[in-house]
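Colleague: quick one: sequence and predicted model below, then my questions.
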Amino acid sequence: MQTVKMVVTGPFSAGKTEFIRSVSEIDVVATERKISSDSERAVKQATTVAMDFGRITVDEDLVLYLFGTPGQKRFDFMWEILSEGMLGFIVMVDSTRPETFREARSILETFRAYAPTPYVVAANKQDVDDAWEMEDMRHALRLDNKVKLLPCVATDKNTVKNVLLELLYSILAEMENTEK
């Protein structure tokens, strides 16, 4: 059986935990703690402090392990640890919070420095009225046209599966290229 480690990263409150919860076949192992600061509590009640972990069996030969990173800068020491052995990563971006786009870009560059693996960018909350258009997000995030920027709703299993499949296709293409 082949296992593929994927990391789900992105800024605070981008939807990483929900993304993993919506597809994991096991109860997600989450290290969430109540938020103490008022400004963060206004966005959500708890935050990931170490990691989230979920698992998906694609078929009898392939299992995906999903590791969600903490989004807050003070827990970024976990990023490098979680990136070890990953075959690809997803950068989650909240389409309704342009103030987080610069941080998302910085996280993307950090993970590319840890390991030159395939990645995709998931534009979360595309079902919300004030979500940015995909092309506007691509421009704001300074993403090359070759980078897969995918619409997503972290609570919708189908869009989450689509993001995971696109990353998996990129990983498989990369593996085929290295074998040649």
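Modeller: Thanks, I have it. Residues are numbered from 1 along each chain as shown.
Colleague: on contacts alone, who are the packing partners of the top helix by length along the chain?
Modeller: Secondary structure of the chain per DSSP state H: the longest helix is helix 157-179. In terms of contacts (3 or more C-beta pairs under 8 Å, 6 or more residues apart in numbering; DSSP states H and E), helix 157-179 is packed against strand 2-9, helix 16-23, strand 62-68, strand 88-94, strand 119-124, strand 149-151. (Glycine included, C-beta is placed from N, CA and C.)
Colleague: switch the ones you listed over to JSON lines; also include distance to residue 111 and mean pLDDT.
Modeller: JSON lines is the format used below for the helices and strands packed on helix 157-179 (distance: least, C-beta to C-beta, whole Å; pLDDT from 0 to 100):
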{"stretch": "strand 2-9", "distance to residue 111": "6", "mean pLDDT": "93"}
{"stretch": "helix 16-23", "distance to residue 111": "13", "mean pLDDT": "93"}
{"stretch": "strand 62-68", "distance to residue 111": "12", "mean pLDDT": "93"}
{"stretch": "strand 88-94", "distance to residue 111": "5", "mean pLDDT": "97"}
{"stretch": "strand 119-124", "distance to residue 111": "7", "mean pLDDT": "98"}
{"stretch": "strand 149-151", "distance to residue 111": "16", "mean pLDDT": "98"}
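Colleague: let's have those in TSV, adding distance to residue 53.
Modeller: Listed next are the helices and strands packed on helix 157-179 as TSV, based on distance: least, C-beta to C-beta, whole Å:
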stretch	distance to residue 53
strand 2-9	10
helix 16-23	8
strand 62-68	6
strand 88-94	15
strand 119-124	18
strand 149-151	22
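Colleague: ok, back up a step: and the longest helix of the chain with strand 88-94, angle?
Modeller: Here helix 157-179 runs at an angle of 140 degrees relative to strand 88-94 (axes from the mean of the first three to the mean of the last three C-alpha atoms, to 10 degrees).
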